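# Quick one: sequence plus predicted model below, questions after.
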Amino acid sequence: MGRMGMKVWTSDDKEHVGMQLEEDDRPLAHILFDGATTEKHIHDVARHRAQLKEEVTPDLDPGARLEAIVGPV
């Protein structure tokens, strides 16, 4: 098996989030999610991430930058 990767984008019409699974930069499959389905998967991934042995770091490195989404609605 080659190097696996995933690309994520917003559709041109701003109606869907697209995800594409790739192997060695070669597309294998893609799927489009509407807003509600995207939210469901975000919550599912976060819930499973919380169960991993490796904890999320509780401290930020000095000078760390956080990305904020202004007005997400």
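Cool, the structure landed. Numbers count the residues shown, from 1 in each chain.
# C-alpha only now, for contacts and for neighbours.
Noted.
# Which pLDDT value goes with the residue located most distally from the centre of the chain?
Among the C-alpha atoms of the chain, the one most distant from their mean position (CA atoms, centre = their mean) is that of P62, at 25.0 Å. P62 is assigned 88 on the pLDDT scale.
# Likewise for T10?
Looking at T10, its pLDDT reads 97.
# Which residue, other than its chain neighbours, is closest to it?
Leaving aside its sequence neighbours, T10 sits nearest to V17 (CA to CA, 6 or more residues apart in numbering; 4.6 Å).
# Could you pull up the residues touching that neighbour?
8-11, 32-35, 38 (CA atoms under 8 Å, 6 or more residues apart in numbering).
# List the ones among the residues you listed that fall in strands.
Among those, the residues falling in strands (DSSP state E) are 8-10, 32-33.
# Output those in CSV; the columns should cover distance to L21.
As requested, those are exported to CSV (distance: CA to CA, whole Å):
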residue, distance to L21
V8, 9
W9, 12
T10, 15
L32, 12
F33, 14
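# are any of those residues buried, and which?
32-33 (16 or more other CA atoms under 10 Å).
# Tell me the one of the ones in strands among the contacts of V17 nearest L52?
The shortest approach to L52 among the ones in strands among the contacts of V17 belongs to V8, at 23.0 Å (CA to CA).
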